[in-house]
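[1] model this:
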Amino acid sequence: MVLTLFAYFSLVSVVAGVLTVALKHPVHCGVALLTLLLHVAGLFVLLNAEFLFAVQIIVYAGAILVLYLFVLMLLNLKTDERYLHDRYPVFLIPAVIGGIYLVALMLRSPFLGTKGDAPPEAVLSHGGTYAVGIKIFSDYLLPFEIVGVFLLGAIIGAIVLAKTPTAADSEGGDA
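    Residues are numbered from 1 along each chain as shown. This is a model prediction of the structure:
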C-alpha cells in the first residue's frame, strides 16, 4: 500500500511541477503549484515526518501560495509580458542544460545509496519536532533571525511598491 501511495504522490508531483512552469495563465500555474505542494506533503506523511507535513501545508500551501496570488493581483501581468524566452532567447540554452543536468542527478541518485547514520538522541527520545526546534533555536538561531529580517524587509517593500500614488503625493514635488 505504501509503495502504491508513493507512486501516486510522486507521479502527480512530477506532473504538477511540469504544469506549474508550462501553463500560460498565472492562476492556472498557482493551482498546479497547490497540487504539487499538497502531494509533496503526502510524501512527508509516508516518511513519518508529520512536522514537515504540517509545515508544508501551513507555510507553503497556505501562506506562500496566498502571497503568490496577491503578487499576481498587484502586478496585473499581461499574458504576453510573462514569457522571457521570447525576449531573451540567450537564457534558454543555459536553462535547458541546467535542467538536463538536474534530471541526470536525480536519475543517478537512487543508485548512490546512503550510509544510514543513526538518528540523533533528541529524535530518539522526544521525536522529530522536538529535534527540529532544538536545532533551529540553538545552532541556527542567527540565520533564523536574519531570514525574519529579510522577510520583514520584503513585506515593507511590497507595501511601498503596491501603494498607488495619490494626487497629494504628485503635487508635493521634490523636497
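
[2] can you count the residues close to Val90?
    Here the count is done by other CB atoms under 10 Å, and Val90 has 7 residues near it. Using the backbone N, CA and C atoms, a C-beta is placed for each residue, glycine as well.

[3] how about the one 10 residues further on?
    By other CB under 10 Å, 10 other residues sit near Ile100.

[4] distance of it relative to Val21?
    Per CB to CB, to the nearest Å, Ile100 is found 15 Å from Val21.

[5] ok, Glu145 next?
    Distance, Glu145 to Val21, using CB to CB: 33 Å.

[6] now swap in Leu34 and tell me
    Taken as CB to CB, the span from Leu34 to Val21 is 14 Å.

[7] I'd assumed Leu43 was in contact with Ser10.
    Yes. Between Ser10 and Leu43 there is a contact under CB atoms under 8 Å: 7.1 Å.

[8] more neighbours: which of these two?
    Leu43 (18 against 15).

[9] and the protein, split by domain according to the record?
    Using automatic domain parsing, the domain parsing of the chain gives 1-78, 119-164.

[10] mind checking how far His28 is from Leu19?
    Per CB to CB, His28 is found 8 Å from Leu19.

[11] so for these two, which residue has more residues nearby?
    More neighbours surround Leu19 than the other of His28 and Leu19, with 16 against 13 (other CB under 10 Å).

[12] would you confirm that the more buried one contacts His25?
    No. Using CB under 8 Å, Leu19 is not in contact with His25; the gap is 11.1 Å.

[13] this protein: helices as residue ranges?
    Taking DSSP state H as the criterion, the chain contains helices spanning 2-22, 26-46, 50-55, 65-75, 84-87, 92-108, 121-126, 128-138, 141-162, 167-171.

[14] so can I have CSV of those showing mean pLDDT?
    As requested, the helices of the chain are arranged in CSV below (pLDDT from 0 to 100):
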stretch, mean pLDDT
helix 2-22, 89
helix 26-46, 90
helix 50-55, 85
helix 65-75, 79
helix 84-87, 56
helix 92-108, 81
helix 121-126, 58
helix 128-138, 76
helix 141-162, 85
helix 167-171, 63
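
[15] looking at the ones you listed, which is buried most?
    Of the helices of the chain, the one with the most neighbours on average (mean count of other CB atoms under 10 Å) is helix 26-46, at a mean of 18.

[16] run through the neighbouring helices and strands of that helix.
    helix 2-22, helix 50-55, helix 65-75 (3 or more CB pairs under 8 Å, 6 or more residues apart in numbering; DSSP states H and E).

[17] out of those helices, nearest to Phe91?
    Nearest to Phe91, of all the helices and strands packed on helix 26-46, is helix 2-22, at 14.1 Å by CB to CB.
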